[in-house]
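# this is a predicted model, with the sequence first.
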Amino acid sequence: MNYWLMKSEPSVFSIDDLRKVHTTGWDGVRNYQVRNMMRDQMRKGDLAFFYHSSCEVPGVVGIMEIAGPARPDPTAFDPKSKYYDPGSSPEKPRWYLVDVRFKRKLRRVVTLEEMRGEKALAGMQLLKRGNRLSITPVTKKEWDHILSMEKA
DNA sequence: GCCAACGTTGGC
DNA sequence: GCCAACGTTGGC
């Protein structure tokens, strides 16, 4: 069982959007490292933090569950999609997504700023300089620590 | 809007 | 295979 953190801009897709649709394909990933993580390491039943990025208060806002194994990202095949990639085809897909299911919202936003101040989170990949990956692994210790911050 | 830190592209 | 130019991410 693995833990993850997945970023999304709330103006594009927020935790409230996920709550409404309940389950959705996490589409639009166009980074090879992130693709490989989804395809090779994410498993059904893994848990992930939903993180709001590029917004007023960036931070962890909720929890979701990986609902199934990686599958080809259909937006890559759609010429009308902004994620269209002519180099990807159903026969030879280049991009993958995982399905995610809403679990719950946190009682409050655990902000990026707060997390930076926590010794226990000093090694977190999210907090490393220059990190731009939209999905990063989270250790069980980091996971539990962030959940303990929710109550503070 | 700025800009640091990456990733990608393409000429050579 | 190198590397300059360009594009993107995302905090601030």
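Ah, there it is.
# from chain A, which residue is nearest to DNA strand B?
Closest to DNA strand B within chain A is A:Gly130: 2.1 Å, counting by Cβ to the nearest atom of the strand. All C-beta atoms are positioned from the backbone trio N, CA, C, and that covers glycine.
# do you know how far that residue is from A:Gly59?
Going from A:Gly130 to A:Gly59 by Cβ to Cβ, to the nearest Å gives 19 Å.
# out of the two, which sits in the more crowded spot?
Legend: neighbour count by other Cβ atoms under 10 Å for A:Gly130 and A:Gly59, higher for A:Gly59 (20 against 4).
# my guess is that one contacts A:Glu114, does it?
Yes: in this structure, A:Gly59 is within contact of A:Glu114 by Cβ atoms under 8 Å, at 7.4 Å.
# any low-confidence regions in chain A?
Of all residues in chain A, none has pLDDT under 70.
# go with 90
Judged by pLDDT under 90, chain A has its weakly predicted residues at A:79-80, A:82, A:86-87, A:89, A:129-132, A:151-152.
# which residues of it lie near DNA strand B?
A:Asn31, A:Tyr32, A:Gln33, A:Arg129, A:Gly130, A:Asn131, A:Arg132 (Cβ under 7 Å from any atom of the strand).
# for the strand or helix carrying A:Ser148, C-alpha coordinates in PDB please.
In this structure, A:Ser148 sits in helix A:140-150 according to DSSP states H and E. C-alpha atoms of helix A:140-150 as PDB (Å, rounded to 0.1, in the frame of the first residue of the first chain):
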ATOM      1  CA  LYS A 140       3.600   6.600   5.700                       C
ATOM      2  CA  LYS A 141       5.400   8.800   8.300                       C
ATOM      3  CA  GLU A 142       4.800  11.900   6.200                       C
ATOM      4  CA  TRP A 143       1.200  10.800   5.600                       C
ATOM      5  CA  ASP A 144       0.400  10.400   9.200                       C
ATOM      6  CA  HIS A 145       2.200  13.600  10.100                       C
ATOM      7  CA  ILE A 146       0.100  15.700   7.700                       C
ATOM      8  CA  LEU A 147      -3.000  14.100   9.000                       C
ATOM      9  CA  SER A 148      -2.000  15.000  12.600                       C
ATOM     10  CA  MET A 149      -1.600  18.600  11.400                       C
ATOM     11  CA  GLU A 150      -5.200  18.600  10.300                       C
END
